[in-house]
Each structure stands twice: as C-alpha cells, then as structure tokens.
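Participant: Coordinates only, no sequence provided:
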C-alpha cells in the first residue's frame, strides 16, 4: 500500500516536472524565434524537411479521404434523394474536422517523429553539447527554426489536404456516381461560411501544428541520450501528439461550433 | 542536404501550393466570392411566423438569388418575427409594394424568402420595410387543420 502511494506520488511529481521543463523549453524556443528571423536560411532548410517532404503524403491521403467521403456520402444521401448535398457534406467534414485532424496526425507521424529522432540523436551523439561548447545556443540554432517551420507548414498542409479532398470528392461524386457538378459546388458555396468554417479550420490546424512541433521537439530534447531513449521518445511523440490533437479537436470544436 | 537552389524552389513551390489551397477554400468552397458585404442594402419584413428560416437563407425574386437573410429577431410588441435581409445593390429597383413570402424548396428543402415585386413606381430604399407578407407554411399545422376539417365533415 505504502509502495503504491509512493509510486503514485513519484509519477505525479515526475509528470509535473516534465510539464514544467516542457513549458520552460517552449518559452526558450519562442524567444529564439527572433534569431531565426535574422537568419531565414535556417527556416527555409527546415521548411523543406518539415513541409516539402510531408507534401506528397498529405496530397495523396487528402485525395483518397475525399474520394472515400464522396463514395460513402453518396450511398447514404441517395437513400433520401439528397445526392445534391454531397458537396456540402464532403466540404464541411473536410474543412471543419478531417482536414486539420488527419493532416495533423499524418504530420505527427511523418515530420514529428523525424524531428524527435533527429534531435534525440543529436543529443545522444553530443552535437548539442558541442554547440554549447562553441557558445552557440542549440535552442536558437536547432530548435526554434524547426518549431517555426512546423507552425507555418501545418496550416498550409491542412488547407491543401482539404482542397484536394474536396476535388477528390467531386471526382468520385460527379465523375463516377453522376451527381450534378453545378449542384456540388453551388450547394457547398451556399452552406459553407468563410469565417465560421474555413477560418476556424485554419485556426485548428495552427493549434495542432504548434502542439505537435512542441511535443516532437521537446521529446527529442528531453530524450535519454541512448538508442533506446531515442526510440522511446519517438514513439511517445507520435502517441502524445495523436492524443493531444484528438483531445484539443474536441475542445476546439465545442468552442467554435457549439453555439449554432 | 540537397543543392540550395533546388531546395529553395521546392520550398517556394510548397508555400505557393499551400496558399493556392487556402485561396481555393476561400473562393471556391465558401461563400466569400458570391457575397461581398459592402455592396448591399438592407430591407426588413415582419412575418407572423418565420418557420425554419435561418440567417444566410436565400432571398430570391423569380427564382434568382438577390441576397440573403442577415438577421431574424422577435418584435417585442407584436410578437412577430422581424426578418432583415441584405440585398445586392445592383437589384435596387424593388417596388415598395413588394410581397414577401417564405417558401420551402422541395418537400424537405431549406426555407427561403421569395419576393414578388408589385406595380408601384417608388422603390424600396436602404432600411426599407416590406408591408405585405405571407408567413411560412408549417407543414404540421396544415396537416392538423386538414385532419380536423375532415373529422368535422364526417361528424356532420
């Protein structure tokens, strides 16, 4: 019994200290962003490895998610003779939920895990301490550019995901199943609001990008400098990012779309 | 690490594609392009019952969209529904004896406001008011009345 309580207390305390370290880390990272703006080259390199390399997986997944939505939506809606509202269904579900969430999960799997592994390995091979020896702040030089690149890439990737998904839904809906193309677009335009739907979707994707990059970078930075530690940190990044994205999505949806 | 200029190009391409996606969402998917806020004027109409009308419902004349419902509120004195509509400025020639009615598009469709222009020579201005209105038909009410009537006829 005493042992159980001891264990519980230990876990709680270590959880809190980790949260504290993560918050301090985030503060330092955000402070370091000013230095990144002076050296845009660092940011461009990271935009390449975080954004451009995730580009293909996001586009292809978006296309298939949109096509599946079109197919499934059509079969359900045709029971009610409401195939014309397929566009609304596909666009609303993509822009509000699936775009930010699925691209966030893919981003965590594709870019987040790579970031954690990279930073963890840098720490394990003492590259970070080496930088400190040369009076180069590793947070400013290594972490902040990656963080900023993650925050900037996510909204762009989510917007691409939604846009390509909507086109995919249209390809299946009007190309394959015979929904009227004009109705697909016009119903969508009539029902979706720029501020209520699109801007809220973009806000969601910015939040997810922020959280995923934070988790990925912190897990890498905080990983025990062994091969096992790095591998565990990578797993934790993907799991924790998925949890935070889905949990935050629920909270954000309740805040944004709750009142109508 | 790749050659710097190719990398720059790819990053540029990525950012351009992302921004193109945002523009696509803004212009093609949402109603931002079809409806700009500035070139509009508002008119209002009191309905006995506005039924399932919602903000952003369609306002049409002869089936052509000319604007949308911008607000729905309750008149505290008459208990009528005040429907405020925002009409595209290029349709500024609605006569002041226009009739407004709430129709349903199809059996289960959305409700919308249909305006039927009258014959007057003076036109509705900004903040103008439509006096002749026809309330929304509530399907349940109509069926109820019909059943009631049928039962009454039977008993006679």
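Facilitator: Thanks, I have it. All of these numbers come straight from a predicted model, not from anything done at the bench.

Participant: can you count the residues close to residue 26?
Facilitator: Answering for chain A, as no chain was given. 17 (other CB atoms under 10 Å in any protein chain shown). C-beta coordinates here come from the backbone N, C-alpha and C atoms, glycine included.

Participant: Switch to chain B, please.
Facilitator: 17.

Participant: pretty sure it is touching residue A:201, no?
Facilitator: No - using CB atoms under 8 Å, residue B:26 is not in contact with residue A:201; the gap is 11.2 Å.

Participant: The closest residue to chain A within chain B in helix, strand or coil?
Facilitator: Nearest residue of chain B to chain A: residue B:18, at 2.6 Å (CB to the nearest CB). Here residue B:18 is recorded as helix under DSSP: H, G, I helix; E, B strand; the rest coil.

Participant: where does chain A dip in pLDDT?
Facilitator: Applying pLDDT under 70 to chain A flags the ranges A:258-260.

Participant: and it, which of its residues are near chain B?
Facilitator: A:44-45, A:47-48, A:51-52, A:55, A:80, A:82, A:91, A:95, A:153, A:155-157, A:159-160, A:162-164, A:166, A:185, A:188-190, A:192-194, A:197-198, A:201-202 (CB under 8 Å from any CB of the partner chain).

Participant: go again using 7 Å as the cut-off
Facilitator: A:44, A:47-48, A:51-52, A:55, A:91, A:95, A:156-157, A:159-160, A:162-163, A:166, A:188-190, A:192-194, A:197-198 (CB under 7 Å from any CB of the partner chain).

Participant: out of those, which are inside helices?
Facilitator: Among the residues of chain A next to chain B, the ones falling in helices (DSSP state H) are A:44, A:55, A:91, A:156-157, A:159-160, A:162-163, A:166, A:188-190.

Participant: strands paired with the longest strand seen in chain B, and their directions?
Facilitator: Assignment by DSSP state E gives strand B:64-74 as the longest strand of chain B. Strand B:64-74 pairs in its sheet with strand B:58-61 (antiparallel), strand B:81-88 (antiparallel), by DSSP bridges.

Participant: Please convert those to JSON lines, extending it with mean neighbour count and mean pLDDT.
Facilitator: Output for the strands paired with strand B:64-74, formatted as JSON lines (neighbours: other CB atoms under 10 Å in any protein chain shown; pLDDT from 0 to 100):
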{"stretch": "strand B:58-61", "mean neighbour count": "19", "mean pLDDT": "86"}
{"stretch": "strand B:81-88", "mean neighbour count": "20", "mean pLDDT": "88"}
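
Participant: For residue A:146, which of those is the nearest?
Facilitator: Nearest to residue A:146, of all the strands paired with strand B:64-74, is strand B:81-88, at 46.3 Å by CB to CB.

Participant: For the next helix or strand after the closest one, buried residues please.
Facilitator: Note on strand B:81-88: by DSSP states H and E, the next helix or strand toward the C-terminus is strand B:99-104. Across strand B:99-104, burial judged by 16 or more other CB atoms under 10 Å in any protein chain shown covers B:99, B:100, B:101, B:102, B:103, B:104.

Participant: Out of these, the closest to residue A:62 would be?
Facilitator: Distances from residue A:62 to the buried residues of strand B:99-104, taken by CB to CB, are shortest for residue B:104, at 35.8 Å.

Participant: Next, count neighbours for the closest residue to that closest one other than its chain neighbours.
Facilitator: Nearest residue to residue B:104, sequence neighbours excluded (CB to CB, 6 or more residues apart in numbering or on different chains): residue B:111, at 5.2 Å. Using other CB under 10 Å, residue B:111 has 18 neighbouring residues.

Participant: Do I have it right that residue B:111 meets residue B:59?
Facilitator: No - using CB atoms under 7 Å, residue B:111 is not in contact with residue B:59; the gap is 11.3 Å.

Participant: In contact with the residue in chain A that chain B sits nearest to, which residues are there?
Facilitator: When scored by CB to the nearest CB, chain A has residue A:156 as its residue closest to chain B, at 2.6 Å. Residues in contact with residue A:156 (CB atoms under 7 Å, 6 or more residues apart in numbering or on different chains) are A:51, B:15, B:18.

Participant: Looking at the ones in helices among the residues of chain A next to chain B, spot the one nearest residue A:107.
Facilitator: Taking these together and measuring to residue A:107 by CB to CB, the closest member is residue A:157, at 6.2 Å.

Participant: Was I right to think that closest one contacts residue A:56?
Facilitator: No - using CB under 7 Å as the test, residue A:157 is too far from residue A:56 to be in contact (10.8 Å).

Participant: This completes my enquiry, with thanks.
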